[in-house]
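S.K.: Pasting the sequence and the predicted model now:
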Amino acid sequence: MFHYTELDMFCNDVKRFADADGYVPEAEDICQDFSYPDEQFRNLSTWSEHIQNSVQATRTAQQKLMAWKNRLS
């Protein structure tokens, strides 16, 4: 779990996966550790899909952030 602001200006695509407190799930996280509405993830397949999409969006944002940082170096 990490806060979406760690991705600086590249966090926009990741924000939609964040919970009410701004935390984004990663591959091994469990739903109970987050502040999502109870009814949002009633079954494991919905949570699994959310995690997969979150991980993919996070990787993309991290790549963009690293490329941006490398241009500044």
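M.R.: Alright, I've got the coordinates.
S.K.: how many other residues sit next to S54?
M.R.: 19 (other C-beta atoms under 10 Å). Bear in mind the C-beta positions are built from the backbone N, C-alpha and C, glycine included.
S.K.: which residues does it contact?
M.R.: Taking C-beta atoms under 8 Å, 6 or more residues apart in numbering as the criterion, S54 is in contact with V14, F17, V24, P25, E26.
S.K.: Quick check: closest non-adjacent residue to it.
M.R.: Spatially, and ignoring its direct neighbours in sequence, S54 is nearest to F17 (3.9 Å; C-beta to C-beta, 6 or more residues apart in numbering).
S.K.: Let me know the pLDDT of that neighbour.
M.R.: With respect to pLDDT, F17 scores 97.
S.K.: any idea how far it is from K69?
M.R.: Look at F17 and K69: by C-beta to C-beta, to the nearest Å, they are 22 Å apart.
S.K.: Which of the contacts of S54 fall in strands?
M.R.: The strands in this structure, assigned by DSSP state E, contain V24 from the contacts of S54.
S.K.: Find the centremost residue of this protein, please.
M.R.: Among the residues of the chain, V24 comes closest to the average C-alpha position under C-alpha atoms, centre = their mean, at 3.5 Å.
S.K.: rewinding a little: the residue nearest to S54: what's it in contact with?
M.R.: The contact partners of F17, taken as C-beta under 8 Å, 6+ apart, are V24, P25, H50, N53, S54, A57, T58.
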